[in-house]
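Novice: With the input below, show me the fold.
(one chain, ligands or ions: 1)
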Amino acid sequence: MNSAVYLSNVTAGYAHNVVFARLSLEIAAGRFAGIVGPTGCGKTTLLKTILGTHSVFSGSVLLNGLPVDRVPPGAIGYVPQLGSVDWSFPVTVEEVIMMGLYTNRRIWPWPGKEERERIHDLAHRLGIYDCLQHHIVHTSGGQRQRAFLARALINNPKLLVLDEPTSGVDIKTQHEVLHLLGDINNDGITILLTTHDLNAVASHLPWVICFNNGIVAQGKPGDIFTNEILTRTYGGDLVIVRHEGHYLIANNTPLHLTSGCS
Ligand SMILES: Nc1ncnc2c1ncn2[C@@H]1O[C@H](COP(=O)(O)OP(=O)(O)OP(=O)(O)O)[C@@H](O)[C@H]1O
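Specialist: Residues are numbered from 1 along each chain as shown. Predicted coordinates for the structure are as follows:
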């Protein structure tokens, strides 16, 4: 198998907190995969390990056959959790995309004609051309997501890593972002994302990795969305309803809320 990502016996975490131990994971080149798991189970730590921005205690991480610390800048595109971004930073959508060009440089040179054309082509493709000159703070959640997607794609990466790309947007935008990612994957880019949304996101992905401080199971949603696997991933009691190839996964524990006002 031609691997885009290959982790062998990786142990990683923080001081006094091993998040996962002796983890091995292989993601085939060209795959479109999602990682699901409960809050705090190590999804972001895993992504940062793959990106090489979080050093491991032991084990090895290869991307397209190269040790992660030898991967050239720009070969991997990364879209962070948008909740972690400071939106008051005074930049336009075009400047956000431009930042992707200079990930390995300390100063921003003025973009050349060719670079500007690439930015404009990508903005057209992602449907944000009309807001290129808007301050990022004045854009919608979907437009911000696309701006950061364009920033991650500007160097034509082979691997695109996204941390919760569909959080904080409405269900129609979620669908559009997934559709867009499907098109990008069809161009041959390997995609790895995390999501908390089993119903609207994970169930539509071609490949899902159930994670909880280690891999619980991985495969097509139809094979791994079972009560047993989801309970091992999330704990608790989940119900899975299947209807004409669609899934609805819900918590089986009743929730009784009472109003504070009576
Ligand atoms: N910078 C840090 N220093 C110390 N511990 C951290 C740090 N970042 C994360 N952790 C801890 O590592 C564990 C895994 O966190 P991580 O952010 O990888 O989980 P996650 O699955 O991405 O969570 P979420 O779904 O809430 O984003 C958690 O126990 C978290 O508290």
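Novice: where does the closest residue to Ile97 other than its chain neighbours fall, helix, sheet strand or coil?
Specialist: Nearest non-adjacent residue to Ile97, counting by Cβ to Cβ, 6 or more residues apart in numbering: Ala150, 4.5 Å away. Using the backbone N, CA and C atoms, a C-beta is placed for each residue, glycine as well. Following DSSP: H, G, I helix; E, B strand; the rest coil, we place Ala150 in the helix state.
Novice: How about the one 10 residues further on?
Specialist: Leu160 falls in the strand class when you classify it by three-state DSSP.
Novice: one step back: what sits against the residue nearest to Ile97?
Specialist: 96-97, 100, 119, 122-123, 126, 128 (Cβ atoms under 8 Å, 6 or more residues apart in numbering).
Novice: again, but for Leu180
Specialist: Each residue near Leu180 by Cβ under 8 Å, 6+ apart is listed here: 126, 146, 149.
Novice: Going by distance to Leu257, which of those wins?
Specialist: Arg146 (35.6 Å; Cβ to Cβ).
Novice: So the closest one lies in a helix, does it not?
Specialist: Yes. With three-state DSSP as the criterion, Arg146 is part of a helix.
Novice: Quick check: it touching Leu126?
Specialist: Yes. Counting by Cβ atoms under 8 Å, Arg146 sits close enough to Leu126 to count as a contact (4.4 Å).
Novice: Next one: Tyr129 from the ligand, what distance?
Specialist: 32 Å (Cβ to the nearest ligand atom, to the nearest Å).
Novice: Repeat that for Ala33.
Specialist: Distance of Ala33 to the ligand, given as Cβ to the nearest ligand atom: 16 Å.
Novice: now swap in Arg31 and tell me
Specialist: 20 Å.
Novice: ditto for Leu153
Specialist: 23 Å.
Novice: Can you show me the helices along the chain?
Specialist: Assigned by DSSP state H, the helices in the chain fall at 43-51, 93-99, 113-126, 141-153, 171-186, 221-224, 227-234.
Novice: how long is stretch 234-245 end to end?
Specialist: End-to-end distance for stretch 234-245: 23 Å, by Cα to Cα, to the nearest Å.
Novice: Check which residues of that stretch are buried.
Specialist: By 16 or more other Cβ atoms under 10 Å, the buried positions in stretch 234-245 come out as 234, 238, 240.
Novice: Leaving out sequence neighbours, find the closest residue to Pro90.
Specialist: Computed as Cβ to Cβ, 6+ apart, the closest residue to Pro90 that is not its neighbour in sequence is His135, at 7.0 Å.
Novice: Let me know whether that neighbour touches Ser88 as I believe.
Specialist: No. Assessed by Cβ under 8 Å, His135 is found out of contact with Ser88, at 9.9 Å.
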